[in-house]
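Visitor: Have a look at this fold, sequence not included:
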């Protein structure tokens with residue numbers, strides 16, 4: 001599947017979720033943000049669902065958006081590493097803080113250790129990227145849904161006018 005077609009499909013899935021525009025946009029933003037803040041495969045999907053339920057956001061939109069970014073996992077990690085290098089350049093003392101690692105040879109432990117090996121700057125980079133993505137995606141989805149609702153109402157009004 002081509003990238004543009006995939007993104008368009010995901011976009012249409014998200015704006016068709018039945019709920020208020022603000023709750024859907026919050027859920028989408030949360031799912032995207034957690035994919036950047038917690039780039040551990042499959043864990044961010046579960047956490048997005050739980051956090052959306054707790055914060056009374058649309059949990060379906062959160063799970064859909066967290067799932068839709070999984071093919072871009074390498075790009076997300078690369079972006080986090082790039083922002084990490086900027087953070088280390090600005091605050092060199094953060095790079096000296098060491099985080100404890102889980103021991104084990106399983107897949108989850110290896111991914112977790114890889115992320116924690118980046119240290120505090122990597123975690124800050126993920127949180128920063130997550131916040132930026134949350135706000136961008138929130139406003140894009142919110143105004144897209146509002147525009148879609150306005151177009152549907154206008155279309156219904158024109159249909160009623162033509163029927164009379």
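Guide: Ah, there it is. Nothing here was measured: the structure is a model prediction, and the numbers come from that model.

Visitor: Next one: the residue nearest to the spatial centre of the chain, what pLDDT does it get?
Guide: Centroid check for the chain by Cα atoms, centre = their mean gives residue 32 as the closest residue, at 0.3 Å. Listed pLDDT for residue 32 reads 90.

Visitor: Is it within a helix or a strand, and which one?
Guide: helix 21-37 (DSSP states H and E).

Visitor: By mean pLDDT, flag the weakest helix or strand of the protein.
Guide: Least confident helix or strand, the chain: helix 107-117 with a mean of 70, by mean pLDDT, DSSP states H and E.

Visitor: So which elements touch the helix or strand just after that helix?
Guide: Following helix 107-117 in sequence order, the next helix or strand is helix 119-163 (DSSP H and E). The contact analysis (3 or more Cβ pairs under 8 Å, 6 or more residues apart in numbering; DSSP states H and E) places helix 119-163 against helix 3-15, helix 21-37, helix 73-90. (Each C-beta comes from the backbone N, C-alpha and C, glycine too.)

Visitor: Now do helix 119-163 against helix 21-37, angle only.
Guide: If you take axes from the mean of the first three to the mean of the last three Cα atoms, to 10 degrees, helix 119-163 sits at 150 degrees to helix 21-37.

Visitor: coming back round to it: out of the helices and strands packed on helix 119-163, indicate the one that is most buried.
Guide: helix 21-37 (a mean of 26; mean count of other Cβ atoms under 10 Å).

Visitor: what distance separates that helix from the centre of its chain?
Guide: Counting by Cα atoms, centre = their mean, to the nearest Å, helix 21-37 is centred 5 Å from the centre of its parent chain.

Visitor: which helices and strands sit right next to it?
Guide: helix 3-15, helix 43-54, helix 59-68, helix 73-90, helix 119-163.
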